[in-house]
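the following block contains a protein sequence and its predicted model.
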Amino acid sequence: MSWSAQTSGTIVDLNGVSFVDAKHGWAVGDGGMVLRTEDGGKAWGTQPSGTTQGLLGVCFAGPGFGCAVGYNGTILTTGTGGQSWRVTQHIRNGNRENLFDVHFVDPVHGWAGGAHGTLIATADGGATWQDLSCPIGQQVAAIHFVDASHGWAAGADGAICATTDGGLTWTAQQSGTIQAITGIRFSDRQRGFACDLGGAVLSTVDGGKKWQRCHSPSASQTLLALDLFGAQGCCAVGSTGLLLTTADNGTSWRTDSTGSAARLQAVDFLNAAHGWVVGAGGTIMCFEQRASVDVPSWTHEVAIDPVALVLPNGIYVKWVEGHHPHTPEHLERFLHGLRPAELRVISARAAELRQLSTQVERVASQAAGKGQPA
């Protein structure tokens with residue numbers, strides 16, 4: 001995977017990130033920091049959160065509704081895409097426990113976990129929260145639900161527990177690790193991944209009845225969060241820019257370079273083509289995979305040089321014999337005079353010269369059709 005840095009406009013640590021589509025996303029961090037983007041992260045701007053408490057997790061269940069949690073029981077909810085936030089502090093047994101993670105399956109049903117076994121749920125979009133009881137007596141660091149009934153919570157000492165009734169009752173699961181679980185995600189009621197503070201990744205295909213280690217750290221590694229993408233993909237992030245990915249359900253793993261040595265705190269993938277990670281010092285990294293297209297089966301390859309044009313249909317034309325057409329008419333004569341050996345489709349990028357309009361696309365398609373073997 002190829003990652004690129006984005007300019008966050010801040011140097012504070014960012015601890016959570018959530019996107020609802022390829023353009024709209026939010027990141028939260030220390031000092032009540034809330035950032036929002038409307039263009040996939042090309043530009044990030046701050047939103048007034050109404051708090052100076054550090055925010056540790058965020059989840060948006062749509063373009064309007066979102067929730068963030070943080071220190072001292074801080075809970076932020078918005079129904080306006082973050083233009084305004086409602087700030088409350090949850091009190092449990094007389095204490096305002098730190099909240100580390102939050103997850104909503106829709107704008108109504110959500111759960112959050114925190115220090116000293118704190119586990120809370122809402123069924124009214126965060127207006128009120130109910131304390132839950134689960135087998136994790138210490139830190140509940142990660143939580144994830146696939147629907148309003150089925151979910152998992154995880155935390156200190158390798159603890160994982162599952163619920164099938166929205167959190168009213170929980171069943172402990174054997175993770176096989178004694179390290180703190182820092183991230184957990186399920187794609188459905190059966191397939192899931194978890195990562196721990198020691199750098200290991202665990203997986204299950206039966207809803208957590210059996211967990212197995214699918215990645216063991218080869219050196220001193222710390223994993224802090226993970227997310228799933230595609231049918232069999234998982235991405236885990238951690239200390240000193242560590243980023244691990246698998247595309248085959250954990251059978252094999254690769255270490256990707258983000259170009260950053262910052263501690264990576266959170267990751268969010270929309271799908272196999274779009275993902276973001278955030279971390280220390282205002283770090284935001286983005287992954288974007290361009291779509292591929294079917295290409296003609298020409299075998300001759302021509303050299304690539306800067307004097308080239310990407311057409312609207314994805315055909316990449318390299319000028320030969322001094323031809324440099326710049327109008328539809330010139331381009332038509334140029335393409336009609338080319339042999340298949342003088343063209344090669346090497347890019348699926350969108351057109352860089354859209355001013356040639358649909359006429360260029362028609363001409364290019366006709367030329368490509370003529371060049372293919374009968």
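Now that the structure is in, tell me what you want to look at.

can you give me the pLDDT of E288?
According to the prediction, E288 has pLDDT 87.

ok, what's across the strand from it?
H274 (DSSP bridges).

contacting residues around it?
By Cβ atoms under 8 Å, 6 or more residues apart in numbering, the contact list for E288 reads S4, G40, A273, H274. From N, CA and C alone the C-beta is placed, and that goes for glycine too.

how close does the third one get to V237?
Computed with Cβ to Cβ, to the nearest Å, the distance linking A273 and V237 is 18 Å.

repeat for S4
15 Å.

of the two, which one has the most company?
V237 (29 against 12; other Cβ atoms under 10 Å).

show me what the helix or strand the more buried one falls within is in contact with.
Per DSSP states H and E: V237 is located in strand 233-238. By Cβ under 8 Å, 6+ apart, the residues outside strand 233-238 that reach it are 1, 183, 185, 193, 195, 199, 201, 203, 215, 221-229, 243-247, 249-250, 263-267, 269, 272, 275, 277, 279.

okay, and which of those residues map to helices?
Assignment to helices by DSSP state H places none of the contacts of strand 233-238 there.

without its sequence neighbours, what residue ends up closest to F229?
Excluding the flanking residues, the one nearest F229 by Cβ to Cβ, 6 or more residues apart in numbering is F269, at 3.9 Å.

next up, the contacts around the one you found.
By Cβ under 8 Å, 6+ apart, F269 lies in contact with D227, L228, F229, G233, C235, G275, W276, F287.

quickly note the distance from the third one to G79.
Here F229 is placed at a distance of 28 Å from G79 (Cβ to Cβ).

run through the chain and note the low-pLDDT ranges.
Residues of the chain meeting the criterion pLDDT under 70: 1, 290-374.

tell me which two of the contacts of E288 sit farthest apart.
S4 and A273 (13.9 Å; Cβ to Cβ).

returning to that earlier point: now, the contacts of strand 233-238 that are in strands?
The strands in this structure, assigned by DSSP state E, contain 183, 185, 193, 195, 201, 203, 215, 223-229, 243-246, 264-267, 269, 275, 277, 279 from the contacts of strand 233-238.

what's the domain layout of the chain?
Domains of the chain are assigned by automatic domain parsing as 3-288, 308-371.

of the ones you listed, which stretch is the most buried?
domain 3-288 (a mean of 20; mean count of other Cβ atoms under 10 Å).

now do the end-to-end distance for that one.
One end of domain 3-288 to the other measures 8 Å (Cα to Cα, to the nearest Å).

distance from the chain centre to it, please.
Centre-to-centre, domain 3-288 and its host chain are 10 Å apart (Cα atoms, centre = their mean, to the nearest Å).

partners of W3 in the sheet?
In this entry, W3 is beta-bridged to F287, by DSSP bridges.

kindly provide the distance from it to T52.
Relative to T52, W3 is positioned 31 Å away (Cβ to Cβ).

ok, A231 next?
42 Å.

what of T251?
As defined by Cβ to Cβ, T251 lies at a distance of 45 Å from T52.

go on, Q83?
Separation of Q83 from T52 (Cβ to Cβ) stands at 19 Å.

next one: T171
Going from T171 to T52 by Cβ to Cβ gives 39 Å.

which of the contacts of E288 lies closest to G166?
Nearest to G166 among the contacts of E288 is H274, at 29.7 Å by Cβ to Cβ.

mind listing what that closest one touches?
Taking Cβ under 8 Å, 6+ apart, one finds F19, A22, G40, F287, E288, Q289 in contact with H274.

do that again at 7 Å, thanks
Residues in contact with H274 (Cβ atoms under 7 Å, 6 or more residues apart in numbering) are A22, F287, E288.

got it, and L99?
With contact taken as Cβ under 7 Å, 6+ apart, L99 is in contact with L56, V69, G70, G73, T74, I75, A112, G114, T118.

same thing with C286?
Taking Cβ under 7 Å, 6+ apart, we find C286 in contact with W3, S4, Q6, G41, W276.

my guess is the first one contacts T258, does it?
It refers to W3. Yes: here W3 lies in contact with T258, judged by Cβ atoms under 7 Å, at a distance of 4.4 Å.

quick one: common contacting residues for the two?
M285.

SS state for the residue nearest to G166 when sequence neighbours are not counted?
Leaving out its chain neighbours, the residue that sits closest to G166 by Cβ to Cβ, 6+ apart is S149, at 5.2 Å. Under the three-state scheme (DSSP: H, G, I helix; E, B strand; the rest coil), S149 adopts coil.

surely S149 and G167 touch.
No: counting by Cβ under 7 Å, S149 does not reach G167; the two are 8.9 Å apart.

ok, the residue nearest to G238 when sequence neighbours are not counted - contacts?
Counting by Cβ to Cβ, 6+ apart, G238 lies nearest to L223, which is 4.1 Å off, once chain neighbours are set aside. For L223, the contact set (Cβ under 7 Å, 6+ apart) comprises T182, G183, C195, D196, G199, A236, G238.

again, but for G137
Residues in contact with G137, defined by Cβ under 7 Å, 6+ apart, are G117.

distance of it from S252?
Note on G137: its distance to S252, by Cβ to Cβ, is 36 Å.

excluding covalently adjacent residues, which one is nearest to D165?
Closest residue to D165 apart from its sequence neighbours, by Cβ to Cβ, 6+ apart: S149 at 5.9 Å.
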